[in-house]
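Student: coords please:
(chains A, B, C and D)
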Number of protein chains: 2
Amino acid sequence: MSKPAKTPKPTPARTTFRHGDLHRTLLAAGIELARAGGPTAVILREATRRAGVAPNAAYRHFSSHAELLAAVRAHALSQLARAIEAEIAAIPPRRRGAALARAHLRAVGIGYLTFALHQPGLFRTAFTNTQPVAGDSDKAKTGASGLNPFQLLGHALDLMALHRLLPPRRRAGVEYLAWSAVHGLAFLIIDGPLHHASPAEIATLSERLILMVEKGLSS
Amino acid sequence: MSKPAKTPKPTPARTTFRHGDLHRTLLAAGIELARAGGPTAVILREATRRAGVAPNAAYRHFSSHAELLAAVRAHALSQLARAIEAEIAAIPPRRRGAALARAHLRAVGIGYLTFALHQPGLFRTAFTNTQPVAGDSDKAKTGASGLNPFQLLGHALDLMALHRLLPPRRRAGVEYLAWSAVHGLAFLIIDGPLHHASPAEIATLSERLILMVEKGLSS
DNA sequence: CTCAAATGTGGACACCGTTCACATGCAGCA
DNA sequence: TGCTGCATGTGAACGGTGTCCACATTTGAG
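Tutor: Numbers count the residues shown, from 1 in each chain, chains lettered A, B, ... in the order given. Next comes the predicted model:
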């Protein structure tokens, strides 16, 4: 009702020839597609359709379908980072020292798994096979803190090493071990045998997994 | 040179109207495509092309592209099971008791990771999002032992519990924790930041990961 | 030998990503 | 103010994909 219903098409259709902000609109449509159906559901033509524009118009803003998907993926990674940050922010403020370090690591894992559970489409899109994330400083992939999910994990592990909860000698490469465990469980929950597990079962397994990592790293 | 070159087409082209064993031929072509390019490379039309047959012929043997892909996936899982079995078979025969149990668990993990590293296309195809594998007794997905990869892991964990290397009280659900860790690392190696890591680095991380799981589970 | 079922073919459809030539509106400069 | 160049959107088309339909051929059972 906000715009004059000049044409009764699905998208009200702009009255101007120019769209105004097609780049953002296409990205938003792509994100919505990814949210609903994962990376393979990000269809360029469907995005243009939702934007009320001809298919080719997309090529003025993204050089290819892959580039649109990459932009959607960056957004998904950013959302994941924010989910982790939210969990970190929820740590009881009285925690200090080693207890804080452990709570931090747990928050990263729980935030990661929670996001995977509640936004499976975006999560799968975030890890659709493309370029590495680790040393990537692309701002579009970070949360409010300016860190991407991998860097948030690294920070949590730094805290662990600082409080001798993991041997500083073996600090190197540990993010890969911790990430493996958490990412693997996320996969099992989304696409694997845990797909039909209850939220309670998933929560229990998540906690057990994080304890396994904690204990397994403290050698 | 083996067949009379009646038509100089890429595939020598059969002389009979009937193909003989198109089902197997299409499956083999699909497997080859998956090996080379992962699940998205399994193109139905390309498989028929390689079989020297019209696209529609495939529909006499597979009801859809998804069904062909599922058959390829089953084969990939079977190959994975065999890779694990090979690693188990290579355990020094003098190992007994707890040492055998630990070697068994390690063999499952190493077999899994080795397969992922050497057959990334098939590995990704094996875990392209579809139905669960855990309680699946489909023979096409098993190795020579008749067990699928998940069941092989379960067996290794049974041995661990038997020798008190993991508390029998907490045996339930432990396959998910162990699998998470190993599968997650496989992902990082294939599609993630470890994609360009050297074989030596990967081997080191693999061993460290398995030690983490072993220690983390022994609580 | 007949005939129905199994198997492969040809043609078509809708959908996808992508490209080319063209139309249009805006912005900056005269 | 008016003109002009450029960015932006359009239309038609191409090759590729999965899939369906009607048809042709071969095979095997009675």
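
Student: ok, and does stretch A:64-80 reach over to chain B?
Tutor: No: counting by Cβ under 8 Å from any Cβ of the partner chain, no contacts exist between stretch A:64-80 and chain B, the nearest distance being 12.2 Å. Where you see a C-beta, it was placed from the backbone N, CA and C, and this is true even at glycine.

Student: what about the residue nearest to residue A:65 when sequence neighbours are not counted, neighbour count?
Tutor: Leaving out its chain neighbours, the residue that sits closest to residue A:65 by Cβ to Cβ, 6 or more residues apart in numbering or on different chains is residue A:44, at 4.6 Å. As a burial measure, residue A:44 scores 22 neighbours (other Cβ atoms under 10 Å in any protein chain shown).

Student: Same check on the one 3 residues further on?
Tutor: For residue A:47, the number of neighbouring residues by other Cβ under 10 Å comes to 25.

Student: in which helix or strand would I find the nearest residue to it once chain neighbours are set aside?
Tutor: Closest residue to residue A:47 apart from its sequence neighbours, by Cβ to Cβ, 6+ apart: residue A:29 at 4.0 Å. Residue A:29 is part of helix A:22-37, with elements assigned from DSSP states H and E.

Student: Please work out the average pLDDT along the helix or strand just after that helix.
Tutor: For helix A:22-37, the following helix or strand on the C-terminal side (DSSP H and E) is helix A:44-51. In this model, helix A:44-51 carries a mean pLDDT of 97.

Student: now stretch A:188-205
Tutor: Mean pLDDT, stretch A:188-205: 94.

Student: could you list every residue that touches the most centrally placed residue in chain A?
Tutor: Closest to where the C-alpha atoms of chain A average out (Cα atoms, centre = their mean) is residue A:80, at 2.9 Å. Contact analysis of residue A:80 by Cβ atoms under 8 Å, 6 or more residues apart in numbering or on different chains lists A:112, A:115, A:122-123, A:126, A:143, A:149.

Student: same deal with residue A:106?
Tutor: Contact analysis of residue A:106 by Cβ under 8 Å, 6+ apart lists A:210, A:214.

Student: Try it again at 7 Å.
Tutor: Contact analysis of residue A:106 by Cβ atoms under 7 Å, 6 or more residues apart in numbering or on different chains lists residue A:210.

Student: Retrieve the pLDDT associated with it.
Tutor: pLDDT for residue A:106: 98.

Student: Okay, it and residue A:160: tell me how far apart.
Tutor: Using Cβ to Cβ, to the nearest Å, we find residue A:106 at a distance of 11 Å from residue A:160.

Student: And residue A:63, by the same measure?
Tutor: Per Cβ to Cβ, residue A:63 is found 42 Å from residue A:160.

Student: The two: who's more crowded?
Tutor: Neighbour count, other Cβ under 10 Å: between residue A:63 and residue A:160, residue A:160 has more, with 23 against 10.

Student: Now the helix or strand hosting that one: buried residues?
Tutor: Per DSSP H and E: residue A:160 is located in helix A:149-162. Neighbour counts over helix A:149-162 (16 or more other Cβ atoms under 10 Å in any protein chain shown) mark A:149-161 as buried.

Student: what helices or strands is it leaning on?
Tutor: helix A:65-89, helix A:97-118, helix A:174-190 (3 or more Cβ pairs under 7 Å, 6 or more residues apart in numbering or on different chains; DSSP states H and E).

Student: Pull up the residues of chain A that are close to DNA strand D.
Tutor: Counting by Cβ under 7 Å from any atom of the strand, chain A comes close to DNA strand D at A:17-20, A:22, A:53-57, A:60-61.

Student: Just the buried subset of those residues, please.
Tutor: By neighbour count, with 16+ other Cβ under 10 Å, these hold A:19, A:22, A:53, A:61 as buried.

Student: can you count the residues close to residue A:185?
Tutor: Quick note: residue A:185 (other Cβ under 10 Å) scores 29 neighbours.

Student: And for residue A:147?
Tutor: By the criterion of other Cβ under 10 Å, residue A:147 has 18 neighbours.

Student: helix or strand for it, which one?
Tutor: Residue A:147 is part of no helix or strand, with elements assigned from DSSP H and E.

Student: one step back: want to try CSV for the buried residues of helix A:149-162, with pLDDT and distance to DNA strand C as columns?
Tutor: Below are these laid out as CSV (pLDDT from 0 to 100; distance: Cβ to the nearest atom of the strand, whole Å):
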residue, pLDDT, distance to DNA strand C
A:149, 96, 26
A:150, 95, 28
A:151, 95, 31
A:152, 97, 32
A:153, 97, 32
A:154, 97, 34
A:155, 97, 37
A:156, 97, 37
A:157, 97, 38
A:158, 97, 40
A:159, 96, 43
A:160, 96, 43
A:161, 96, 44
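
Student: and which of those is nearest to residue B:197?
Tutor: Lowest distance from residue B:197 to the buried residues of helix A:149-162 (Cβ to Cβ) belongs to residue A:150, with 14.7 Å.

Student: before we move on, the earlier item: from memory the residue nearest to residue A:65 sits against residue A:58, does it?
Tutor: Yes: contact criterion Cβ atoms under 7 Å: residue A:44 and residue A:58 qualify, at 5.6 Å.

Student: what do these two both touch?
Tutor: Counting by Cβ under 7 Å, 6+ apart, the contacts common to residue A:44 and residue A:58 are residue A:68.

Student: From the contacts of residue A:80, which one has the minimum pLDDT?
Tutor: residue A:143 (93).

Student: mind listing what residue A:149 touches?
Tutor: Residues in contact with residue A:149, defined by Cβ under 7 Å, 6+ apart, are A:77, A:80-81, A:84, A:112.

Student: Hmm, I typed the wrong one, I wanted residue A:185.
Tutor: Listed by Cβ under 7 Å, 6+ apart, the contact set of residue A:185 reads A:113, A:205-206, A:209, B:180.

Student: cool, residue A:126 as well?
Tutor: Counting by Cβ under 7 Å, 6+ apart, residue A:126 has contacts A:73, A:76-77, A:80.

Student: cool, and residue A:82?
Tutor: Counted by Cβ under 7 Å, 6+ apart, residue A:82 has contacts A:143-144.

Student: quick one: the helix holding residue A:160 to helix A:65-89, angle?
Tutor: 30 degrees (axes from the mean of the first three to the mean of the last three Cα atoms, to 10 degrees).

Student: count of neighbours near residue A:184?
Tutor: As a burial measure, residue A:184 scores 25 neighbours (other Cβ under 10 Å).

Student: swap that for residue A:113, sorry
Tutor: Per other Cβ under 10 Å, the neighbour tally for residue A:113 reads 25.

Student: I'd say it and residue A:182 touch.
Tutor: Yes: between residue A:113 and residue A:182 there is a contact under Cβ under 7 Å: 6.5 Å.

Student: how about the residues of chain A near chain B?
Tutor: Within chain A, the positions lying close to chain B (Cβ under 7 Å from any Cβ of the partner chain) are A:129, A:132-134, A:173, A:176-177, A:179-185, A:187-188, A:191-195, A:205, A:208-209, A:211-213, A:215-217, A:219.
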